[in-house]
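Trainee: here you go, sequence then predicted model.
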Amino acid sequence: MSHPDILFSIVIPSYNYASTLKRAVSSVVKQMNHKHELIVIDDGSTDETPAVAAHIKKEMPGQVRFIRKENGGPSSARNLGIRESHGTYLIFLDADDELFPSALQALERHITDHPDSRFIIGGHIAVSPDGKRREHIPDFLPEIPEERLSAYLLGKRISLCNGACAMHREIFSRADYPEKFRSAEDIPVFAQALASHSCSMLPQALALIHKHADSLRHQFSLAKTGGLHLVEEVFSEQRLGPEFKHLKSPYFVQRSLSLFRSAYVAKDYTSAKEFYRIALQRDWRVLLKLPYTKKALRLWFRNKPESY
(Lines give C-alpha, C1' and ligand atoms only; values in the text may rest on other atoms or scores of the structure.)
Protein backbone atom coordinates (compact mmCIF):
# COMPACT_ATOMS: atom_id res chain seq x y z
CA MET A 1 0.00 0.00 0.00
CA SER A 2 1.37 3.39 -0.98
CA HIS A 3 2.03 6.24 1.43
CA PRO A 4 1.43 9.78 0.13
CA ASP A 5 4.74 11.03 1.52
CA ILE A 6 6.91 8.36 -0.14
CA LEU A 7 7.48 8.83 -3.85
CA PHE A 8 10.03 6.08 -4.55
CA SER A 9 10.56 2.66 -3.04
CA ILE A 10 13.86 1.17 -4.14
CA VAL A 11 13.80 -2.61 -3.74
CA ILE A 12 17.01 -4.63 -3.93
CA PRO A 13 16.42 -8.41 -4.22
CA SER A 14 19.58 -10.24 -3.22
CA TYR A 15 20.68 -13.85 -3.32
CA ASN A 16 24.32 -14.59 -2.50
CA TYR A 17 25.59 -11.14 -3.47
CA ALA A 18 27.41 -10.33 -0.24
CA SER A 19 30.40 -9.06 -2.22
CA THR A 20 28.43 -6.35 -4.04
CA LEU A 21 25.44 -5.63 -1.79
CA LYS A 22 27.04 -2.74 0.09
CA ARG A 23 28.00 -1.08 -3.18
CA ALA A 24 24.40 -1.28 -4.41
CA VAL A 25 22.98 0.00 -1.12
CA SER A 26 25.48 2.86 -0.91
CA SER A 27 24.63 4.01 -4.43
CA VAL A 28 21.02 4.50 -3.28
CA VAL A 29 21.56 5.88 0.22
CA LYS A 30 23.85 8.64 -1.09
CA GLN A 31 20.93 10.23 -2.95
CA MET A 32 17.96 9.44 -0.71
CA ASN A 33 15.74 12.00 0.97
CA HIS A 34 12.56 11.86 3.05
CA LYS A 35 10.52 10.90 -0.05
CA HIS A 36 12.45 7.68 -0.60
CA GLU A 37 12.68 4.29 1.09
CA LEU A 38 15.14 1.45 0.52
CA ILE A 39 14.27 -2.20 1.14
CA VAL A 40 16.66 -5.14 0.71
CA ILE A 41 15.05 -8.56 0.30
CA ASP A 42 17.50 -11.31 1.20
CA ASP A 43 16.17 -14.31 -0.71
CA GLY A 44 17.61 -16.93 1.64
CA SER A 45 21.27 -16.24 0.87
CA THR A 46 23.79 -18.87 1.97
CA ASP A 47 26.84 -16.61 1.80
CA GLU A 48 27.89 -13.74 4.10
CA THR A 49 24.87 -11.58 3.24
CA PRO A 50 23.45 -11.57 6.82
CA ALA A 51 26.79 -10.32 8.17
CA VAL A 52 26.99 -7.66 5.46
CA ALA A 53 23.43 -6.60 6.27
CA ALA A 54 24.29 -6.25 9.96
CA HIS A 55 27.31 -4.10 9.05
CA ILE A 56 25.22 -1.88 6.77
CA LYS A 57 22.58 -1.39 9.48
CA LYS A 58 25.28 -0.27 11.89
CA GLU A 59 26.99 1.99 9.36
CA MET A 60 23.77 3.44 7.90
CA PRO A 61 21.27 3.41 10.79
CA GLY A 62 17.67 3.94 9.79
CA GLN A 63 18.47 4.14 6.07
CA VAL A 64 17.74 0.59 4.97
CA ARG A 65 15.13 -2.01 5.87
CA PHE A 66 16.31 -5.61 5.55
CA ILE A 67 13.87 -8.49 5.12
CA ARG A 68 15.08 -12.10 5.02
CA LYS A 69 12.96 -14.86 3.49
CA GLU A 70 13.27 -18.43 2.33
CA ASN A 71 14.71 -18.78 -1.14
CA GLY A 72 12.01 -18.50 -3.77
CA GLY A 73 13.69 -16.83 -6.72
CA PRO A 74 13.90 -13.24 -7.97
CA SER A 75 10.18 -12.93 -8.68
CA SER A 76 9.16 -13.89 -5.16
CA ALA A 77 11.70 -11.44 -3.74
CA ARG A 78 10.39 -8.60 -5.91
CA ASN A 79 6.79 -9.44 -5.08
CA LEU A 80 7.54 -9.31 -1.37
CA GLY A 81 9.18 -5.95 -1.99
CA ILE A 82 6.00 -4.71 -3.65
CA ARG A 83 3.89 -5.80 -0.68
CA GLU A 84 6.26 -4.36 1.92
CA SER A 85 6.94 -1.04 0.23
CA HIS A 86 4.98 2.20 0.45
CA GLY A 87 6.21 4.29 -2.47
CA THR A 88 4.06 5.46 -5.36
CA TYR A 89 6.77 4.31 -7.78
CA LEU A 90 8.99 1.25 -7.47
CA ILE A 91 12.55 0.81 -8.69
CA PHE A 92 14.01 -2.70 -8.65
CA LEU A 93 17.79 -2.62 -8.45
CA ASP A 94 19.75 -5.85 -8.69
CA ALA A 95 22.20 -6.39 -5.84
CA ASP A 96 25.21 -6.41 -8.16
CA ASP A 97 24.28 -3.13 -9.88
CA GLU A 98 24.31 0.54 -8.87
CA LEU A 99 21.93 3.44 -9.06
CA PHE A 100 23.56 6.20 -11.09
CA PRO A 101 24.36 9.41 -9.13
CA SER A 102 21.39 11.82 -9.00
CA ALA A 103 19.09 9.25 -10.65
CA LEU A 104 16.35 9.77 -8.05
CA GLN A 105 16.47 13.54 -8.46
CA ALA A 106 16.25 13.16 -12.24
CA LEU A 107 13.23 10.89 -11.84
CA GLU A 108 11.54 13.36 -9.51
CA ARG A 109 11.95 16.16 -12.05
CA HIS A 110 10.65 13.89 -14.79
CA ILE A 111 7.52 13.02 -12.82
CA THR A 112 6.88 16.70 -12.18
CA ASP A 113 6.98 17.26 -15.95
CA HIS A 114 5.11 14.02 -16.79
CA PRO A 115 2.64 13.47 -13.91
CA ASP A 116 0.55 10.95 -15.87
CA SER A 117 3.45 8.63 -16.67
CA ARG A 118 3.18 5.23 -15.04
CA PHE A 119 6.23 3.59 -16.60
CA ILE A 120 9.38 5.70 -16.85
CA ILE A 121 12.06 4.22 -19.08
CA GLY A 122 15.57 5.49 -18.48
CA GLY A 123 18.97 4.59 -19.82
CA HIS A 124 21.84 2.67 -18.29
CA ILE A 125 25.56 2.16 -18.57
CA ALA A 126 26.69 -1.42 -19.08
CA VAL A 127 29.96 -2.18 -17.29
CA SER A 128 31.87 -5.20 -18.60
CA PRO A 129 34.13 -7.37 -16.41
CA ASP A 130 37.21 -5.55 -17.78
CA GLY A 131 35.76 -2.20 -16.72
CA LYS A 132 34.76 -0.97 -20.16
CA ARG A 133 31.56 1.05 -20.22
CA ARG A 134 28.87 1.34 -22.87
CA GLU A 135 26.01 3.79 -22.58
CA HIS A 136 22.47 2.81 -23.59
CA ILE A 137 20.05 5.74 -23.79
CA PRO A 138 16.40 5.26 -24.89
CA ASP A 139 15.47 7.08 -28.09
CA PHE A 140 12.36 5.28 -29.33
CA LEU A 141 8.96 4.97 -27.66
CA PRO A 142 5.81 4.84 -29.82
CA GLU A 143 2.67 6.46 -28.46
CA ILE A 144 0.42 3.59 -29.56
CA PRO A 145 0.48 0.68 -27.05
CA GLU A 146 0.43 -2.01 -29.76
CA GLU A 147 3.45 -0.46 -31.44
CA ARG A 148 5.28 -0.20 -28.11
CA LEU A 149 4.66 -3.86 -27.33
CA SER A 150 5.71 -4.97 -30.79
CA ALA A 151 8.87 -2.86 -30.61
CA TYR A 152 9.77 -4.50 -27.30
CA LEU A 153 8.87 -8.14 -27.96
CA LEU A 154 9.57 -8.41 -31.69
CA GLY A 155 11.60 -5.50 -32.98
CA LYS A 156 13.96 -5.25 -30.00
CA ARG A 157 13.76 -1.47 -30.45
CA ILE A 158 12.95 -0.89 -26.79
CA SER A 159 15.59 -2.04 -24.31
CA LEU A 160 14.53 -2.37 -20.68
CA CYS A 161 16.41 -3.37 -17.56
CA ASN A 162 15.81 -3.28 -13.84
CA GLY A 163 17.35 -0.31 -12.09
CA ALA A 164 16.92 1.91 -15.14
CA CYS A 165 13.15 2.30 -14.98
CA ALA A 166 10.51 3.28 -12.46
CA MET A 167 7.10 1.61 -12.31
CA HIS A 168 3.99 3.08 -10.75
CA ARG A 169 2.31 0.83 -8.23
CA GLU A 170 -0.80 0.71 -10.44
CA ILE A 171 1.08 -1.53 -12.89
CA PHE A 172 1.05 -4.38 -10.37
CA SER A 173 -2.69 -4.21 -9.77
CA ARG A 174 -3.07 -6.33 -12.90
CA ALA A 175 -0.40 -8.93 -12.14
CA ASP A 176 2.94 -9.10 -10.36
CA TYR A 177 6.12 -11.04 -11.18
CA PRO A 178 5.53 -14.69 -12.21
CA GLU A 179 7.22 -16.76 -9.52
CA LYS A 180 7.46 -19.95 -11.59
CA PHE A 181 10.15 -18.35 -13.77
CA ARG A 182 13.73 -17.76 -12.63
CA SER A 183 14.90 -16.27 -15.91
CA ALA A 184 13.28 -13.57 -18.07
CA GLU A 185 10.70 -13.13 -15.32
CA ASP A 186 10.59 -9.38 -15.91
CA ILE A 187 9.45 -9.68 -19.55
CA PRO A 188 5.75 -10.30 -18.70
CA VAL A 189 5.72 -7.32 -16.32
CA PHE A 190 7.46 -5.01 -18.78
CA ALA A 191 5.03 -6.16 -21.49
CA GLN A 192 1.93 -5.38 -19.43
CA ALA A 193 3.36 -1.99 -18.47
CA LEU A 194 4.04 -1.03 -22.10
CA ALA A 195 0.64 -2.29 -23.25
CA SER A 196 -1.65 -0.91 -20.57
CA HIS A 197 -0.09 2.19 -19.03
CA SER A 198 1.13 5.64 -19.92
CA CYS A 199 4.87 5.49 -20.65
CA SER A 200 7.61 8.07 -20.99
CA MET A 201 11.33 8.19 -21.73
CA LEU A 202 14.00 9.74 -19.55
CA PRO A 203 17.00 9.98 -21.91
CA GLN A 204 19.82 9.71 -19.42
CA ALA A 205 21.57 6.95 -17.50
CA LEU A 206 19.83 5.89 -14.29
CA ALA A 207 21.86 2.80 -13.42
CA LEU A 208 25.21 1.09 -13.79
CA ILE A 209 24.54 -2.48 -14.90
CA HIS A 210 27.49 -4.76 -14.19
CA LYS A 211 27.96 -7.63 -16.62
CA HIS A 212 29.48 -10.87 -15.37
CA ALA A 213 31.35 -13.72 -16.98
CA ASP A 214 28.84 -16.23 -15.62
CA SER A 215 28.69 -19.71 -17.04
CA LEU A 216 26.81 -19.56 -20.33
CA ARG A 217 25.54 -23.08 -19.69
CA HIS A 218 24.12 -21.97 -16.33
CA GLN A 219 22.41 -18.96 -17.89
CA PHE A 220 20.88 -21.11 -20.61
CA SER A 221 19.76 -23.79 -18.16
CA LEU A 222 17.66 -21.17 -16.35
CA ALA A 223 16.22 -19.87 -19.62
CA LYS A 224 15.52 -23.40 -20.86
CA THR A 225 13.55 -24.23 -17.72
CA GLY A 226 11.01 -21.52 -18.51
CA GLY A 227 11.42 -22.13 -22.21
CA LEU A 228 8.47 -21.30 -24.42
CA HIS A 229 6.06 -21.30 -21.47
CA LEU A 230 7.08 -17.66 -21.11
CA VAL A 231 5.02 -16.87 -24.22
CA GLU A 232 1.84 -18.08 -22.52
CA GLU A 233 2.66 -16.03 -19.45
CA VAL A 234 3.24 -12.84 -21.43
CA PHE A 235 -0.04 -13.21 -23.33
CA SER A 236 -2.17 -14.46 -20.45
CA GLU A 237 -5.53 -12.70 -20.05
CA GLN A 238 -4.35 -11.42 -16.69
CA ARG A 239 -1.59 -9.40 -18.35
CA LEU A 240 -2.64 -8.47 -21.90
CA GLY A 241 -5.98 -7.76 -23.51
CA PRO A 242 -7.31 -9.58 -26.62
CA GLU A 243 -6.27 -6.69 -28.86
CA PHE A 244 -2.65 -7.89 -28.56
CA LYS A 245 -3.23 -11.57 -29.33
CA HIS A 246 -2.08 -11.23 -32.95
CA LEU A 247 1.44 -10.65 -31.61
CA LYS A 248 1.53 -13.98 -29.80
CA SER A 249 2.54 -16.23 -32.70
CA PRO A 250 5.32 -13.90 -33.93
CA TYR A 251 6.61 -13.68 -30.36
CA PHE A 252 6.56 -17.48 -30.09
CA VAL A 253 8.90 -17.57 -33.10
CA GLN A 254 11.07 -14.77 -31.71
CA ARG A 255 11.33 -16.51 -28.34
CA SER A 256 12.25 -19.80 -30.04
CA LEU A 257 15.04 -18.07 -31.93
CA SER A 258 16.24 -16.36 -28.77
CA LEU A 259 16.46 -19.74 -27.03
CA PHE A 260 18.20 -21.16 -30.12
CA ARG A 261 20.81 -18.44 -29.87
CA SER A 262 21.28 -18.94 -26.11
CA ALA A 263 21.65 -22.71 -26.58
CA TYR A 264 24.12 -22.18 -29.41
CA VAL A 265 26.29 -19.84 -27.33
CA ALA A 266 26.14 -22.30 -24.41
CA LYS A 267 27.19 -25.09 -26.82
CA ASP A 268 24.05 -27.08 -26.08
CA TYR A 269 23.71 -27.97 -29.73
CA THR A 270 20.93 -30.52 -29.25
CA SER A 271 18.69 -27.90 -27.67
CA ALA A 272 19.74 -25.34 -30.27
CA LYS A 273 18.60 -27.63 -33.09
CA GLU A 274 15.29 -28.24 -31.36
CA PHE A 275 14.48 -24.57 -30.82
CA TYR A 276 15.39 -23.72 -34.41
CA ARG A 277 13.19 -26.55 -35.65
CA ILE A 278 10.28 -25.27 -33.53
CA ALA A 279 10.70 -21.74 -34.91
CA LEU A 280 10.86 -23.03 -38.48
CA GLN A 281 7.76 -25.19 -38.06
CA ARG A 282 5.80 -22.16 -36.87
CA ASP A 283 7.01 -19.80 -39.61
CA TRP A 284 9.07 -20.77 -42.68
CA ARG A 285 10.21 -17.15 -43.02
CA VAL A 286 12.70 -17.91 -40.26
CA LEU A 287 14.90 -19.08 -43.14
CA LEU A 288 15.17 -15.45 -44.23
CA LYS A 289 16.77 -14.46 -40.93
CA LEU A 290 20.26 -15.18 -42.20
CA PRO A 291 22.26 -14.77 -38.96
CA TYR A 292 20.17 -17.54 -37.39
CA THR A 293 19.98 -19.70 -40.50
CA LYS A 294 23.75 -19.65 -41.03
CA LYS A 295 24.27 -20.88 -37.48
CA ALA A 296 21.61 -23.56 -37.90
CA LEU A 297 23.26 -24.83 -41.09
CA ARG A 298 26.58 -25.09 -39.28
CA LEU A 299 24.91 -27.25 -36.64
CA TRP A 300 23.65 -29.74 -39.18
CA PHE A 301 26.57 -29.77 -41.61
CA ARG A 302 29.65 -29.07 -39.52
CA ASN A 303 31.08 -30.94 -36.57
CA LYS A 304 32.38 -27.86 -34.76
CA PRO A 305 30.12 -24.81 -35.05
CA GLU A 306 31.79 -21.44 -34.85
CA SER A 307 31.12 -19.29 -31.82
CA TYR A 308 28.14 -16.97 -32.14
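Mentor: On my side now, so go ahead. Keep in mind it's a predicted model, so treat the numbers as computed, not measured.
Trainee: that's a helix at residue 143, yeah?
Mentor: No. Applying DSSP: H, G, I helix; E, B strand; the rest coil, one finds residue 143 to be coil, outside a helix.
Trainee: what's it sitting at in phi/psi?
Mentor: phi -80, psi -30 (degrees, to the nearest 10).
Trainee: over to residue 89?
Mentor: According to degrees, to the nearest 10, residue 89 has phi -110, psi 150.
Trainee: the closest residue to it other than its chain neighbours sits in which helix or strand?
Mentor: Of all residues not flanking residue 89 in the chain, residue 166 sits nearest, at 4.5 Å (Cβ to Cβ, 6 or more residues apart in numbering). Where you see a C-beta, it was placed from the backbone N, CA and C, and this is true even at glycine. Using DSSP states H and E, residue 166 maps to strand 165-168.
Trainee: ok so, going back, the residue nearest to residue 89 contacts residue 90, doesn't it?
Mentor: Yes. Contact criterion Cβ atoms under 8 Å: residue 166 and residue 90 qualify, at 7.0 Å.
Trainee: more neighbours, the two?
Mentor: residue 166 (29 against 22; other Cβ atoms under 10 Å).
Trainee: what sits against that one?
Mentor: Residue 166 sits next to 8, 89-91, 107, 119-120, 122 when contact means Cβ atoms under 8 Å, 6 or more residues apart in numbering.
Trainee: take those residues and keep only those in strands.
Mentor: Per DSSP state E, strands hold the following members of those: 8, 89-91, 119-120, 122.
Trainee: now the strands for this structure?
Mentor: 8-14, 36-42, 65-68, 89-92, 98-99, 119-127, 133-136, 165-168, 199-210.
Trainee: and the first one, what does it pack against?
Mentor: Read that as strand 8-14. With contacts defined as 3 or more Cβ pairs under 8 Å, 6 or more residues apart in numbering; DSSP states H and E, strand 8-14 has these neighbours: helix 18-29, strand 36-42, helix 74-84, strand 89-92, helix 103-113.
Trainee: which one of these lies nearest to residue 260?
Mentor: Residue 260 lies closest to helix 74-84 among the helices and strands packed on strand 8-14, at 24.1 Å (Cβ to Cβ).
Trainee: check the offset of the closest one from the chain's centre.
Mentor: How far helix 74-84 lies from its chain's middle: 14 Å, per Cα atoms, centre = their mean, to the nearest Å.
Trainee: just stretch 71-89 next, same as before
Mentor: With Cα atoms, centre = their mean, you get 14 Å for stretch 71-89.
Trainee: ditto for stretch 27-38
Mentor: 22 Å.
Trainee: helices of the stretch 201-308 of the chain, residue ranges please.
Mentor: 216-226, 229-234, 248-265, 269-282, 290-301 (DSSP state H, counting those that start in this stretch).
Trainee: one step back: name every strand pairing with the strand holding residue 166 and say which way it goes.
Mentor: strand 89-92 (antiparallel), strand 119-127 (antiparallel) (DSSP bridges).
Trainee: where does the stretch 1-150 of the chain dip in pLDDT?
Mentor: 1-4 (pLDDT under 70).
Trainee: what touches both of residue 166 and residue 90?
Mentor: residue 8.
Trainee: quick check: buried residues in stretch 162-173?
Mentor: Using 16 or more other Cβ atoms under 10 Å as the test for burial, stretch 162-173 gives 162-172.
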